[in-house]
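S.K.: Please work out how this folds:
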Amino acid sequence: MSKRAYFGTDGIRGQANRFPMTAEVALRVGMAAGKLFMSKDDRRHLVVIGKDTRLSGYMIEPALVAGFTSVGMDVRLLGPMPTPGVAMMTRSLRADLGVMISASHNAYIDNGIKLFGPDGYKLSDEREVEIEALMDQGLADGLAGPTALGRVARVDDSQARYVEIAKATFPRRLSLSGLRVVIDCAHGAAYKVAPVVLYELGAEVVKVGVEPNGSNINEECGSTHPEAMARAVKEYRADIGIALDGDADRLVICDEKGQVVDGDQIMALIAADWARRDKLRGGGVVATVMSNLGLERFLAQRKLTLERTAVGDRAVMVRMREGDFNLGGEQSGHIILSDFSTTGDGLLAALQVLTVLRQSDQPMSALARQFEPVPQKLENVRFLSGKPLENADVIASIAEAEHRLNGSGRLLVRASGTEPLIRIMAEGDDEKLVAQVVREIAGAVKKAAA
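M.R.: Just a heads-up that it's a prediction; the model follows:
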């Protein structure tokens with residue numbers, strides 16, 4: 001496949017107003033994607049656009065709108081909306097395309113563009129390559145005539161529609177009445193909808209991270225900073241804490257003691273519950289190479305498999321569709337429940353955890369640790385330029401680490417697809433060895449990147 005200049009592992013992402021996250025690139029994306037998804041019939045074609053709460057959304061959104069309308073596509077603006085909500089609304093409104101403007105868990109200075117097809121799934125690599133080719137081949141020949149320009153309207157009830165869809169995934173016979181729930185929305189896309197869903201299902205809701213100002217998204221809050229959620233749980237003596245990221249497609253939770261639980265434990269909890277109720281399809285769970293060996297052992301004890309994919313929720317979703325799995329996700333908290341959604345949804349995953357909690361007579365602390373994690377060490381090394389993973393010393397350091405782990409653990413060293421980081425992860429039963437090999441590889445990468 002040809003190398004892509006704009007798209008990374010999860011759409012286009014970068015610092016706002018710097019290539020590739022400029023208004024010009026957004027305009028070109030709108031024109032190219034609009035042309036690609038406009039069929040030859042004479043019906044009106046439609047794209048829905050949602051966004052999170054970043055200041056730069058005010059720049060990217062109108063540029064995309066200009067691109068789509070210039071090729072004759074109608075636009076529906078959803079406003080602040082979780083990424084999975086945009087996927088849902090793309091299908092619900094029978095749109096030809098869905099767009100989410102967000103850089104997910106990144107700081108507010110970044111932004112991104114994610115594209116969904118009419119089926120609500122993220123576009124394939126092949127489709128993204130086609131869009132890139134159109135973006136760079138000159139777009140003037142695809143312009144609509146003066147009378148065929150697209151029209152733009154706001155969808156006033158989009159948040160209410162997502163609230164109802166989310167509530168419908170919670171068992172009708174149950175209520176959250178009597179539960180005190182902390183919800184941290186990271187000052188992001190779910191700041192309105194998530195507290196409403198929990199309140200309408202009966203919970204007493206303690207809200208954190210629900211005052212976006214354009215520059216505070218993910219700042220010391222949300223799933224990347226779970227200490228804010230944990231503090232609130234202890235302060236308000238809540239039964240459970242839920243922290244979403246900026247676009248609400250992932251979560252972490254904590255128990256009533258403030259102890260944080262990652263995506264692996266959440267998948268284990270949901271998998272065990274669904275297997276008991278004969279709801280789990282595919283004979284197991286799909287997760288990435290980052291998921292803990294402890295999860296694999298936990299599932300194996302229940303005669304369930306853990307199928308591993310490359311990093312990224314899109315890779316997980318592809319495998320889920322191939323093998324008819326209905327549960328998959330990432331250790332970072334992207335949980336995909338394909339019975340309900342076409343992409344990771346932090347709020348829907350939280351509702352499944354709350355379902356288990358509600359049906360149990362145990363506190364969250366008794367449910368949260370489904371398995372004992374194998375010691376795992378993760379370190380991210382930032383680099384400014386070059387390709388550290390092609391450095392001879394780094395290659396030798398990785399080979400030495402693999403030799404020392406010698407089948408008793410796993411090692412994964414990779415470049416991030418969304419940031420200039422080298423991610424180093426090792427796990428194994430010997431905690432000291434795991435820490436040592438990560439430290440040595442990180443040192444080699446730092447030297448190479450200096």
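S.K.: quick one, helices of the stretch 101-250 of the chain?
M.R.: Here the stretch 101-250 of the chain has its helices, by DSSP state H, counting those that start in this stretch, at 125-136, 158-167, 193-200, 227-236.
S.K.: which of the ones you listed is buried the deepest?
M.R.: helix 193-200 (a mean of 22; mean count of other CB atoms under 10 Å). All C-beta atoms are positioned from the backbone trio N, CA, C, and that covers glycine.
S.K.: still on that earlier bit, out of the helices of the stretch 101-250 of the chain, which gets nearest to residue 314?
M.R.: Comparison of the helices of the stretch 101-250 of the chain against residue 314 by CB to CB identifies helix 125-136 as nearest, at 8.8 Å.
S.K.: So for residue 279, which of the helices of the stretch 101-250 of the chain sits nearest?
M.R.: Among those, if distance is taken as CB to CB, the winner is helix 158-167, at 18.2 Å.
S.K.: just checking, what packs against the closest one?
M.R.: strand 73-80, helix 83-92, helix 193-200, helix 346-359 (3 or more CB pairs under 8 Å, 6 or more residues apart in numbering; DSSP states H and E).
S.K.: can we see that at 7 Å?
M.R.: Applying 3 or more CB pairs under 7 Å, 6 or more residues apart in numbering; DSSP states H and E, we find helix 158-167 packed against helix 83-92, helix 193-200, helix 346-359.
S.K.: List the contacts of it.
M.R.: The set of residues external to helix 158-167 that reach it, using CB atoms under 7 Å, 6 or more residues apart in numbering, is 78-79, 81-82, 85, 88-89, 92, 192-193, 196-197, 200-201, 347-348, 351.
S.K.: Selecting buried members of the residues you listed in PyMOL, what would you type?
M.R.: Only the buried entries of these go into this PyMOL selection, using 16 or more other CB atoms under 10 Å:
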select buried, resi 78+79+81+82+85+88+89+92+192+193+196+197+201+347+348+351
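S.K.: Can you give me the end-to-end span of stretch 152-168?
M.R.: 30 Å (CA to CA, to the nearest Å).
S.K.: With stretch 148-161 instead?
M.R.: Using CA to CA, the two ends of stretch 148-161 sit 30 Å apart.
S.K.: how about low-confidence regions in this structure?
M.R.: Within the chain, the segments meeting pLDDT under 70 span 1-3, 138.
S.K.: Mind doing that once more with 80?
M.R.: 1-4, 9, 39-42, 138-140, 384-386, 407-408, 417-419, 450 (pLDDT under 80).
S.K.: list the contacts for the residue positioned nearest the centre of it?
M.R.: Note on the chain: the residue nearest the mean C-alpha position is residue 249, at 4.1 Å, using CA atoms, centre = their mean. Applying CB under 7 Å, 6+ apart, we find residue 249 in contact with 82-84, 104, 334, 343-346.
S.K.: can you put the residues you listed in JSON lines and add distance to residue 403?
M.R.: JSON lines is the format used below for these (distance: CB to CB, whole Å):
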{"residue": "82", "distance to residue 403": "44"}
{"residue": "83", "distance to residue 403": "41"}
{"residue": "84", "distance to residue 403": "42"}
{"residue": "104", "distance to residue 403": "36"}
{"residue": "334", "distance to residue 403": "32"}
{"residue": "343", "distance to residue 403": "39"}
{"residue": "344", "distance to residue 403": "36"}
{"residue": "345", "distance to residue 403": "41"}
{"residue": "346", "distance to residue 403": "39"}
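S.K.: so which of the residues you listed is the most crowded?
M.R.: When neighbours are counted by other CB atoms under 10 Å, residue 82 leads the contacts of residue 249 with 36 neighbours.
S.K.: For it, which non-adjacent residue is spatially closest?
M.R.: residue 248 (3.6 Å; CB to CB, 6 or more residues apart in numbering).
S.K.: So that neighbour is in contact with residue 344, correct?
M.R.: No. Residue 248 is beyond contact range of residue 344, at 9.1 Å (criterion: CB atoms under 7 Å).
S.K.: measure the nearest residue to residue 305 once chain neighbours are set aside to residue 327 for me?
M.R.: Setting aside the residues directly before and after it, residue 305 is nearest to residue 284 in space (CB to CB, 6+ apart), at 3.4 Å. Applying CB to CB, to the nearest Å, the value for residue 284 to residue 327 is 8 Å.
S.K.: Looking at the two, which one has more neighbours?
M.R.: residue 327 (26 against 22).
S.K.: what residues are up against the closest residue to that one other than its chain neighbours?
M.R.: Among residues not flanking residue 327 along the chain, residue 285 sits closest, at 5.2 Å (CB to CB, 6+ apart). Applying CB under 7 Å, 6+ apart, we find residue 285 in contact with 267, 271, 299, 304, 306, 325, 327-328.
S.K.: ok, of the residues you listed, which one's closest to residue 439?
M.R.: residue 306 (27.6 Å).
S.K.: Confirm that closest one sits in a helix?
M.R.: No. Applying DSSP: H, G, I helix; E, B strand; the rest coil, one finds residue 306 to be strand, outside a helix.
S.K.: Bridged to it, which residues?
M.R.: Residue 306 has these beta-bridge partners by DSSP bridges: residue 285.
S.K.: any idea how far it lies from residue 288?
M.R.: 10 Å.
S.K.: what about the closest residue to residue 430 other than its chain neighbours, how many neighbours?
M.R.: In space, and not counting its chain neighbours, residue 430 is closest to residue 408: 6.7 Å by CB to CB, 6+ apart. Neighbourhood size, residue 408 [other CB under 10 Å]: 12.
S.K.: Kindly report the same for residue 385.
M.R.: Other residues close to residue 385 by other CB under 10 Å number 7.
S.K.: now do the one 10 residues further on
M.R.: For residue 395, the neighbour count with other CB under 10 Å is 14.
S.K.: Not counting residues beside it along the chain, what's closest to it?
M.R.: Per CB to CB, 6+ apart, closest to residue 395 is residue 389, 7.7 Å.
S.K.: Would you confirm that the one you found contacts residue 421?
M.R.: No. Using CB under 7 Å as the test, residue 389 is too far from residue 421 to be in contact (11.5 Å).
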